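>>> generate coordinates for the sequence data below:
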Amino acid sequence: MLDTTMLGIMCSDQVVGYYSYAMKTTKIIITVLTAATTVLLPRLSSTYHVSRDRYKSLANKGIVFLFSISIPISVYMYFNAYDIVVFLYGNHYENAVETLKILALLIPFISFSTYLGAQILCSANCEKDMLIAVSIGAITNILMNAVLIPRFYQNGAAIASVASEFIVMLCDAYFVKRIIKLRIPVKVVMVTVITSMSVIICTLIVHEHVSSMFLRLLFAGITMVMTFVALSAKSIIAMKNGLE
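Here you go, the predicted structure:
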């Protein structure tokens, strides 16, 4: 990875360690989310030349899924960053807490950019557009790392990664707009906001009354899942039926 390589050149191994652990934690979540949408790729590829309406419907189902899941998880990671880092890696890695908070934004950004690029653009035979988006992101990452790492160390690399992935996502969205109209229903936005708020409220409450880091993480996670399922049960069933 460019960011880790540049950190290794400009900073100490300790700084690289802070960044690597924070990034590893973030990437685990991103890998799970992107894997969940890969099941759509064969269906998208087969329907693109057969039924554009069906193709657009399937593509938007993936977008809605990622929007409603990735943002609450990002909020969960941001507000529970201290507990996550210390519980997983120990007190010696407290300097990675702020880094993890910044990298929490990567969860929706990379999830969307990967889906828009690797799933939608590739299924529509627009690999050249995806390559352009990735190239712009890589150049942005190198330039921002060169400026930010000497001043902000691992947090500078995190900011550069978030900014470059955000640009990749915007580029992919621009190219995808020529294929389909991206739609996120108001109801989905409301469910996402309520789920995210429930995570924030639960986190603030349990931090006041629960001493165990594991229990705090568990309670906040259960609250997020239960709120999402309670508000989205019908939508989940409808989406499942639409994929069958």
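>>> do you know how far the most centrally placed residue in the chain is from T114?
Compute the mean C-alpha point of the chain, and by CA atoms, centre = their mean the closest residue is I107, 1.5 Å away. Applying CB to CB, to the nearest Å, the value for I107 to T114 is 11 Å. Every residue, glycine included, has its C-beta placed from N, CA and C.
>>> show me which helix runs longest in this protein.
Counting by DSSP state H, the longest helix found in the chain is helix 127-176.
>>> grab the nearest non-local neighbour of the residue nearest to the centre of the chain.
S74 (4.2 Å; CB to CB, 6 or more residues apart in numbering).
>>> tell me which element that neighbour is part of?
Of the helices and strands defined by DSSP states H and E, S74 is found in helix 52-79.
>>> buried sites along that helix?
Within helix 52-79, the residues that qualify as buried are 55-56, 58-79, counting by 16 or more other CB atoms under 10 Å.
>>> circling back to that earlier point, can you list residues touching both of I107 and T114?
Contact criterion CB atoms under 8 Å, 6 or more residues apart in numbering; residues bridging I107 and T114 by contacting each: I30.
>>> picking up where we left off before, just checking, the residue nearest to I107 touches I110?
No: because the distance of 10.6 Å does not satisfy CB atoms under 8 Å, S74 is recorded as not touching I110.
>>> for R43, see how far away the residue sitting furthest away from the middle of the chain is.
Among residues of the chain, the one most distant from the C-alpha centroid is V50; the distance is 31.1 Å, by CA atoms, centre = their mean. Distance, V50 to R43, by CB to CB: 11 Å.
>>> what does K61 give?
Noted for K61: a distance of 10 Å to R43, by CB to CB.
>>> likewise for A81?
The gap separating A81 from R43 is 36 Å, by CB to CB.
>>> quick one: which of those two has more around it?
The residue with the greater number of neighbours, taking A81 and R43 and applying other CB atoms under 10 Å, is A81; the counts read 21 against 17.
>>> for the residue nearest to I107, give me its contacts.
Contact analysis of S74 by CB under 8 Å, 6+ apart lists A104, L105, I107, P108.
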